[in-house]
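A.B. asks: I would like the atomic coordinates for the input below:
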Amino acid sequence: MAAQTAPAPASARHFLVFANWKSSGTVGDVRDISRALAKTHWPAEAEAEVVVAPSTLHAHILEECLGAAARRVELGAQNVFHATGTHHTGEVTAEMLRDFGVRWVIVGHSDRRHDESIHETDELVAAKALHATGAGLRVCVCVGETAEERQQGRAVKVVTKQLQAVAEQLSHWENVAIAYEPVRADARAMAIQLGVDAATMPHSARRCGPSAPASSRRWRTYRRRVRCAARMALAQRTDGHARQHVCAHHADA
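C.D. replies: Residues are numbered from 1 along each chain as shown. Next up, the predicted model:
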């Protein structure tokens, strides 16, 4: 991982490394991986923030196995209900997650936006972000276009619309991170198909201008920055299956 390289200068970017385990793993698998994480030499907190989001059923295993490493590996959740209350059968609210010790939650993941049986709308994602931040959680908002939308030249428009929905609900962005995850199994293969060199994409983000990084991470006055943030996210394209060389490219961008 790029976060494990030599200490970065004080002026360097602060990285957020977010691991989404999705709906995978047995109790034994999760216990083994969690113990391995507990033995890992983590970078200084000033260099990178590390979050792991197991399934809700496995969260307690990760928490128990991390031990002292829990100071460096934060517990995340993969989803949250969009409202509070005790009458929502089968749902997990932000208050429940916080009470359990979860600090981060993912909203708007492509698995939930584009699965035909779920199909979360931009408005629902925004409602989840608002509820979660209001309950004291940090939120990772996922955005991204499909391969078809990109080929049609609609990528910026789609991502802007996704971000706009959230921006219209939130007034404070101190506890919000934006993750760009285009909807395709292999971003490099798609880049080749579209005739673009994926290895050079992170560097193209610089063309968005100096305000882009700040606007894509913490918006305070979003209306003039949404489109620039969308363009930067699209320039820094990667898929959910991160590899060491991919992380290194983004760290140098």
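A.B. asks: Domain-wise, how is this structure divided?
C.D. replies: 1-78, 107-253 (automatic domain parsing).
A.B. asks: and these, which one's lowest on average pLDDT?
C.D. replies: For those, mean pLDDT drops lowest on domain 107-253, to a mean of 70.
A.B. asks: R112 and N79 touch, don't they?
C.D. replies: Yes: between R112 and N79 there is a contact under C-beta atoms under 8 Å: 6.8 Å. All C-beta spots, glycine's among them, are computed from the backbone N, C-alpha and C.
A.B. asks: Tell me how far H87 lies from T93.
C.D. replies: Distance of H87 to T93, computed by C-beta to C-beta, to the nearest Å: 11 Å.
A.B. asks: Could you export stretch 71-89 as PDB, keeping only the C-alpha atoms?
C.D. replies: The C-alpha trace of stretch 71-89 is given here as PDB (Å, rounded to 0.1, in the frame of the first residue of the first chain):
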ATOM      1  CA  ARG A  71      -6.200   2.600  17.900                       C
ATOM      2  CA  ARG A  72      -5.000   2.600  14.300                       C
ATOM      3  CA  VAL A  73      -7.700   0.600  12.500                       C
ATOM      4  CA  GLU A  74     -11.100   2.100  12.700                       C
ATOM      5  CA  LEU A  75     -14.300   0.100  12.500                       C
ATOM      6  CA  GLY A  76     -16.600   0.900   9.600                       C
ATOM      7  CA  ALA A  77     -20.000  -0.300   8.400                       C
ATOM      8  CA  GLN A  78     -21.100  -1.000   4.900                       C
ATOM      9  CA  ASN A  79     -24.600   0.500   5.100                       C
ATOM     10  CA  VAL A  80     -27.000   2.400   7.400                       C
ATOM     11  CA  PHE A  81     -30.700   3.100   7.600                       C
ATOM     12  CA  HIS A  82     -31.800   6.500   6.600                       C
ATOM     13  CA  ALA A  83     -33.900   7.300   9.700                       C
ATOM     14  CA  THR A  84     -33.900   6.800  13.400                       C
ATOM     15  CA  GLY A  85     -36.400   4.900  15.600                       C
ATOM     16  CA  THR A  86     -37.000   1.400  16.900                       C
ATOM     17  CA  HIS A  87     -39.800   0.200  14.600                       C
ATOM     18  CA  HIS A  88     -37.700  -0.600  11.500                       C
ATOM     19  CA  THR A  89     -37.500  -4.300  11.400                       C
END
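A.B. asks: Next one: H119 from N20, what distance?
C.D. replies: In terms of C-beta to C-beta, H119 sits 19 Å off from N20.
A.B. asks: Repeat that for T93.
C.D. replies: 20 Å.
A.B. asks: for A147, same thing?
C.D. replies: Applying C-beta to C-beta to A147 and N20 gives a distance of 20 Å.
A.B. asks: since we're on H119, how many residues are nearby?
C.D. replies: 10 (other C-beta atoms under 10 Å).
A.B. asks: list the contacts for the closest residue to it other than its chain neighbours?
C.D. replies: Spatially, and ignoring its direct neighbours in sequence, H119 is nearest to R113 (7.2 Å; C-beta to C-beta, 6 or more residues apart in numbering). The contact partners of R113, by C-beta atoms under 8 Å, 6 or more residues apart in numbering, come to H119, E120, V125, C142, V183.
A.B. asks: Quick check: the last one touching H114?
C.D. replies: Yes: under the criterion of C-beta under 8 Å, V183 is in contact with H114, at a separation of 5.7 Å.
A.B. asks: Need the residues touching each of these two.
C.D. replies: T146.
A.B. asks: Which residues in stretch 49-61 does the neighbour count mark as buried?
C.D. replies: E49, V50, V51, V52, A53, P54, S55, T56, H58, A59, I61 (16 or more other C-beta atoms under 10 Å).
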